[in-house]
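Novice: Next one to model:
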Amino acid sequence: METQSNDIEIVKVQVFSNYKVILMNIEGITQEESMIFPNGEANCMNWILGHLIYIRNAFLNVLGEESVWDNEKFSCYNRGAIPLERKEELVTFEELKSYLQQSQDQLEAKLISIERFEPGTINDIAIFCLHELYHSGQLGYLRRILGKPGAIK
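Specialist: Numbering: from 1, shown residues only. Next up is the predicted model:
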């Protein structure tokens, strides 16, 4: 059997590590806290987590897997959506955590079993990893803004 290429190993480390960072940053955050918009306008934690999942679905699709949710139903989490204007469409933080877990399970299963990435997908995969890093860092700042201790020591 062919051994996995380095690019898959790099992506696995990023996907596994990002997930741990995301979990640490959302630990102990209530539904009410997840809906706080800093400065009355910055994206709330609920939206950022939902947005991460929304884009993870595109990541899964590029890898040939199904989305964990119906993108149409969850369009309030898409890039360019204005969450402050669509607050009533945002689902509970607990529901988002469940979708996050599902997306992680699917990503890990795929990354463990895949032998190589299609050459045309490398750029997208790199951007998906960057996207996760960017927003997982935002969750860390939001955690502090909400008065919680930093999760990453």
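Novice: If you count contacts, what does the helix or strand containing residue 61 end up packed against?
Specialist: According to DSSP states H and E, residue 61 maps onto helix 45-62. With contacts taken as 3 or more C-beta pairs under 8 Å, 6 or more residues apart in numbering; DSSP states H and E, helix 45-62 sits against helix 6-26, helix 31-34, helix 93-113, helix 122-145. Using the backbone N, CA and C atoms, a C-beta is placed for each residue, glycine as well.
Novice: Just want the most central residue of the chain.
Specialist: Central residue of the chain (C-alpha atoms, centre = their mean): residue 52, 2.8 Å from the mean position.
Novice: how about it, what does it touch?
Specialist: Applying C-beta atoms under 8 Å, 6 or more residues apart in numbering, we find residue 52 in contact with 22, 100, 131, 132, 135, 136.
Novice: Skip the chain neighbours and tell me the closest residue to the third one.
Specialist: Of all residues beyond its chain neighbours, the one nearest residue 131 is residue 55 (5.4 Å), with distances taken as C-beta to C-beta, 6 or more residues apart in numbering.
Novice: which stretches of this structure have low pLDDT?
Specialist: Filtered on pLDDT under 70, the chain yields the residue ranges 1-4.
Novice: can we see that at 90?
Specialist: Judged by pLDDT under 90, the chain has its weakly predicted residues at 1-6, 41, 152-153.
Novice: Out of the helices and strands packed on helix 45-62, which gets nearest to residue 47?
Specialist: For residue 47, the closest of the helices and strands packed on helix 45-62 is helix 31-34, at 8.7 Å, according to C-beta to C-beta.
Novice: Return the list of helices and strands in contact with that closest one.
Specialist: For helix 31-34, the packing partners by 3+ C-beta pairs under 8 Å, 6+ apart come out as helix 45-62, helix 93-113.
Novice: thinking again about what came up before, residue 78 versus the residue nearest to residue 131, what's the distance?
Specialist: 9 Å (C-beta to C-beta, to the nearest Å).
Novice: Give me the more crowded residue out of the two.
Specialist: residue 55 (19 against 14; other C-beta atoms under 10 Å).
Novice: list the contacts for that one?
Specialist: By C-beta under 8 Å, 6+ apart, the neighbours of residue 55 are 79, 128, 131, 132.
Novice: Of the residues you listed, which is the most crowded?
Specialist: Neighbour counts for the contacts of residue 55 (other C-beta under 10 Å) peak at residue 128, which has 23 neighbours.
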